[in-house]
Each structure stands twice: as C-alpha cells, then as structure tokens.
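>>> below are the sequence and a predicted model; questions follow.
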Amino acid sequence: MASLSVLLLTALAALLVARWWWRRRRLVALMERIPGPFALPLLGNTLEQTVEHDELFVRLNGITQLFGRQHGVCRTWFCTQPYVLLSSPDAVECVLASNRHTDKSDEYLYLRPWLGTGLLTSWGAKWHRRRKVLTPAFHFRILDDFIDVFREQADVLADRFVQQAEQAGRRGFNVFPLVTLCTLDIICETAMGRKVHAQVDSESPYVRAVYDMAEIVLTRQSTVWYQPDWLFRLTPMYRRQQACLRDLHGFSNKMILERKEEFRRSRDQRGQDLDDDLGSKKRLAFLDLLIEASQDGAVLSDEDIREEVDTFMFEGHDTTSAAISWCTFLIGCDPHVQRQVHAELDDIFADDPDRGVTMKDLNDMKYLECCIKEALRLYPSVPAFARSLREDVQIGPYTVPAGTTAMIVVYMLHRNAEVFPEPEVFNPDRFLPDNCVGRHPFAYVPFSAGPRNCIGQKFALLEEKAVLSALLRRLRFESLDRREDLTLHGELIIRPKDGLRVRAFARPHPSKTASKTATAVNK
Ligand code: HEM
C-alpha cells in the first residue's frame, strides 16, 4: 500500500514537472535564440551570479559587453527566471518608450515592506492614479520654495568640508558619507517638513534604519535563500528588518499626524484653502501637498501618504548623494574642467561673492550642469533597473517572451562608443547644446525615460547644483584616487567600495570686481 502511494505521488510530481516544462517550452526556445552564457538546467547562471556585489556588477557588465555587442541584447538566467540585459539605445527604447511595459520586476518586491506600493513599486491603474496626483508636487513653483533648504544644508556641508580639509590635510578625506548626510537632511526637510540634523547627529535611529533597510533589500535581491518570504522570516535578518520598519514607519506616521494636525489648525484659523498659500507665506513639504491632495482620505489614505513619503525618502537621497559625490570627484580629477566651473561661479556671483544662491543663479550654471550630466553618464546613480514584461517584445532580431525580466544596464548603455566617442573620458562638453543635437533620445537615461521616468529629476538637478556650487565657491578639489583603481559596488546605487578621497583647499575670496570671464556656454 505504502509503495503504491509513493508510486502515485512520484507519478503526480512527474506529471506536474512535465506540465510546467511543456508550458515553458516556447519561452525557453525563444530565450535560447538570444546570445548569452551557457546555462545549467534549473539553476541557469545562478552559480556565476551568487558572488559579492562588486563582482556581480563586473560580471553583469562583462556579459553585456561580450554577448550584447551586436544588438545590445543578451540573456541570462537566475534559476528558472529569464533575464534580458539591454544596453543599446534602440533596445532600451523598445521597453522604456512603451506604455505596456511599465510593471516593475520581482526585485522591487523586497522594497514593499518599507515602501508598500508607492509610486516606485506600484503598477497598473494604481500607479497611473498616483502619478497624476503626485506630478503637481514637483511643479517649479514648489521647487522654488525648496531652494532655501538646499542652500542652508549645502552651507552646513561646505563648513564640514572646510573642517575636514583642515584636519585631514594632504591625506584627504572621503566625500561620500558627508554628502549622504547632507542629502538626507535635505530630503527629510523637503519631504516631511522636519529637520533631522543628520549632518550633526548621524547616529539618529531614523538615519541608521534608512541605511540598514537599503542593505537588507540588496542582500535579498542577490541571495537566493533570502528570497522566499517564508524562509526569510526564519532568519535574524527578518528580525532586523522588522526593527528598522518600526523606526522608519514610526517616524513617518508621527510626521503625518503632526503635519495633518498643523494643516487642520492653520486651515481653521485662516478659513481658507491651502491652495491660496502655495509659494507665498509658508514653505510646504511634499507631505503637506499630499495631505492636501488626500482630500481628507477620499483620494489618499494615511497609509497611501506614508507610502509616498517613504518612497521620496528612499529614492530622493542616496541617488542625489551618489551624483554629487561622483561629480565632485570627477571635477577634482580634471584641473581644466575645474577652472571653468570656478570661472562660471565667480562670474555669477561677481556682484556679491558672499550672497546666497537663487533659482536664477542655478539656472545660469550651464557649465556645471554639463559636468553633472557627464558625471551621471559615467556613474549613473541607478546603474541598472528592471521591468517585468507582460507581453512579447520584439527587440532587434529577437522576440523576447512575456514573463522575462528586462534589465536596462544604464552603466553600459552610457559607454556606447558610437554615441559617446572615447566613452571613459570625462568630457562635460558632450552636453553642450550643440553637441546633443541628433543624439538618440534613449542613449542617455540616468533618470530612466518614457512614462515611468524619474518624477524627481528637476528637484535632483537643482539640489545637485545648489550643493556643488556651495562647495566649489569655497573650495578647490584634488582627487586622490585614480579612476582605474576604484572598485565599484553596483548596488541599488553605484558606489565606490572604498569611498572617493579628495584633498580640498580653500579658494581665495573672489574680489567684487572679479573678471567677467564668461565660459563658452554662457555666451
Ligand atoms: C540624481 C538623482 C536621481 C536619479 C539618478 C534618479 C533616477 C531614477 C531612475 C533611474 C528611476 C527609474 C527607476 C525604475 O524604473 O526602477 C527613478 C524613479 C523615481 N524617482 Fe528618481 N532619481 C533621482 C532623484 C530623485 C529624487 C530627488 C526623487 C524625489 C524627491 C526621486 C523620486 C523618484 C520616484 C518617486 C520614482 C518612481 C517614478 C515612477 O515610477 O513613476 N528621484 N529615479
């Protein structure tokens, strides 16, 4: 009897496997036409990919270079999940330009405990609704209000840089951690309307939880045995996650309650709608705009608001911090570029070298903008991102089947020598208006592109300019690390494994009659 049961169970299991295999045969056949490394049955390329983060980044870029040379498409398998890696403008366009491929891949699932289904992780009708509700929060009128926050926090950072420069002398110091605390201060104040003083107190539980949570997400993304929820719940890392979430959600919930209360009070006092107040009397945080848009819960519940605030916190500080740090480093590698940036800044602030930066100044920083763009080309803060394909897509000569994860390998896309000759050279002139004419619109996508592009890109660019100009008005940089010696961590954000070390020197105070050396771009 027992042996009959075993036989029946074995037959049933075999039947299920055969059915699964039969259903997947088209997907597998289509995938195997796409160039890629040899893959084992069931395991695929998992063994080559279960390595340290820096090594994984090198391997993914290597596969892209080796197998995706011709059409910018190659394939790899993580267990039974197929991936295509896209690295040419045409291939990337096929996915990003379409309204049909807006669903995020399973890698984003691990962000859900923190971000729920906010703008970054939601899909379908919910994402559409949210995008519509949130877009006005990034209107330039609102961004104008944030310049004061950028300026204040950038000045704190510049003071800290001066201090570090004095203490470290010729040994130099790592810019990354200092800049990250500054961008965290900026996003807390602009997203939630509260100062967390991260630059002064980096040990705050909230700040620590942000770091820990990002690390947990990354570990789950790249480690097979942490992926199933039931298995993850058995690990100490799950308990660490729950502790982080208590701090993260506890803080945002408290902020929401406080701001709602303030919002109600001020509306009752004035007897008028907050709309009348936009951009005039009181600076509004994104949170206030969400509370306003929520229409007392009819459009957004408190939990919906929290999802979005947490999403801004996540997307809005590490990305800008990486961008500012890389740009400082690259400018510090090239004295000629640095002289042009200094000349532009001296020119803009010739009327009063000590005054605070304004929106007009930021808009006038054309050459600095080229440097920022070029730094984002070489070191895109988000080096890769992914979509889950719900239907077949034709990419070049290949039909990529539904069910595949399409990964946009931005780091390699930006190194296409046909679009960017001598791609490893840091050359901000590539982004002078004349030099951009005729460039493929999907050849440069640090903020993604198409319907799911970065909603915060204007905010990010203004913040970067405000912080970099505050640093460069006071300091001259010399980068100590050589680019070719850096080990990169291609994590959620691209980071150098051992930081970016620079020496900083105080600049002589520019006289009020500074020469009006206009740079080519300002003419
Ligand atoms: C240099 C800075 C930044 C870079 C390079 C960057 C890059 C990106 C990229 C590549 C995406 C697409 C991600 C994907 O498809 O998975 C994205 C989406 C997003 N970003 Fe940014 N980002 C930056 C700054 C910001 C800031 C400052 C905010 C908010 C204040 C922000 C908020 C968002 C949101 C909410 C999304 C999701 C948009 C959607 O799916 O509709 N980002 N960003």
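Noted; the coordinates are in hand. The structure presented is a predicted model; accordingly, all values stated were derived computationally and were not measured.
>>> show me which residues of the stretch 251-400 of the chain are close to the ligand?
311-312, 315-316, 319-320, 323, 381-382, 385 (Cβ under 6 Å from any ligand atom). In this view, the C-beta of every residue, glycine as well, is placed from N, C-alpha and C.
>>> for the record, mean pLDDT for stretch 397-409?
Stretch 397-409 shows a mean pLDDT of 95.
>>> just give me the neighbour total for the residue in the chain that the ligand sits nearest to.
Going by Cβ to the nearest ligand atom, the ligand is nearest to G456 of the chain, at 2.3 Å. By other Cβ atoms under 10 Å, 23 other residues sit near G456.
>>> show me what contacts it?
138, 312, 315-316 (Cβ atoms under 8 Å, 6 or more residues apart in numbering).
>>> do L40 as well
L47.
>>> in which helix or strand does V149 reside?
Following DSSP states H and E, the helix or strand that holds V149 is helix 140-168.
>>> spatially central residue in this protein, please.
Nearest residue to the geometric centre of the chain (Cα atoms, centre = their mean): T319, 3.9 Å.
>>> which element follows the one helix or strand S469 maps to toward the C-terminus?
Using DSSP H and E, the element containing S469 is helix 457-474. Note on helix 457-474: by DSSP H and E, the next helix or strand toward the C-terminus is strand 475-479.
>>> can you give the contact residues for that following strand?
Here strand 475-479 has contacts from 158, 161-162, 165, 172, 328-333, 338, 342, 471, 500-507, using Cβ under 8 Å, 6+ apart.
>>> which helices and strands sit right next to the helix holding S469?
helix 140-168, helix 175-192, helix 318-333, helix 335-348, helix 359-364, helix 366-378 (3 or more Cβ pairs under 8 Å, 6 or more residues apart in numbering; DSSP states H and E).
>>> for the record, mean pLDDT for it?
Rounded mean pLDDT across helix 457-474 is 97.
>>> once you drop chain neighbours, what's closest to G193?
A285 (3.3 Å; Cβ to Cβ, 6 or more residues apart in numbering).
>>> how about R306?
Nearest to R306 is S252, by Cβ to Cβ, 6+ apart, at 4.9 Å.
>>> do you know the pLDDT at the one you found?
For S252, pLDDT reads 90.
>>> repeat that for S515.
Value for S515, per-residue pLDDT: 47.
>>> could you do D247 as well?
Reported pLDDT for D247: 92.
>>> check which helix or strand covers it.
Assessed by DSSP H and E, D247 sits inside helix 236-270.
>>> try A504
In the assignment (DSSP H and E), A504 maps to strand 501-506.
>>> can you list the strands that that strand pairs with?
When pairing is defined by DSSP bridges, strand 501-506 lines up against strand 173-174 (antiparallel), strand 475-479 (antiparallel).
>>> so which of the residues of the stretch 251-400 of the chain next to the ligand is the most crowded?
Counting by other Cβ under 10 Å, top hit in these: A323 with 29 neighbours.
>>> grab the nearest non-local neighbour of that residue.
S381 (5.0 Å).
>>> need the three-state assignment for the one you found.
Of the three states, S381 takes coil under DSSP: H, G, I helix; E, B strand; the rest coil.
>>> I'd say it and I493 touch.
Yes - S381 is within contact range of I493, at 5.5 Å (criterion: Cβ atoms under 8 Å).
>>> overlap in contacts, these two.
Going by Cβ under 8 Å, 6+ apart, residues that sit against S381 and also against I493 are 318-319, 322.
>>> any chance of those residues in TSV, with pLDDT and distance to D364 too?
Shown next, in TSV, are the shared contacts of S381 and I493 (pLDDT from 0 to 100; distance: Cβ to Cβ, whole Å):
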residue	pLDDT	distance to D364
D318	89	28
T319	94	24
A322	96	25
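>>> what ranges of this structure fall below the confidence cut-off?
The chain contains residues with pLDDT under 70 at 1, 270-283, 510-523.
>>> enumerate the residues of it near the ligand.
Checking the chain against the ligand by Cβ under 6 Å from any ligand atom, the hits are 104, 119-120, 131, 311-312, 315-316, 319-320, 323, 381-382, 385, 446-448, 452, 454-456, 459-460.
>>> isn't the residue nearest to G193 up against A191?
Yes - using Cβ under 8 Å, A285 makes contact with A191 at a distance of 6.1 Å.
>>> compute the first-to-last residue distance for stretch 418-432.
18 Å (Cα to Cα, to the nearest Å).
>>> can I get the buried part of the contacts of strand 475-479 as one ChimeraX selection?
Provided next is the ChimeraX selection string for whichever of the contacts of strand 475-479 are buried by 16 or more other Cβ atoms under 10 Å:
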select :158,161,165,172,328,329,330,331,332,333,338,342,471,500,501,502,503,504
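>>> now do the helix or strand harbouring I305 and helix 175-192, the angle between them.
In the assignment (DSSP H and E), I305 maps to helix 302-315. Interaxial angle, helix 302-315 versus helix 175-192 (axes from the mean of the first three to the mean of the last three Cα atoms, to 10 degrees): 160 degrees.
>>> got the angle between helix 302-315 and helix 236-270?
Using the same axes, to 10 degrees: helix 302-315 against helix 236-270 is 110 degrees.
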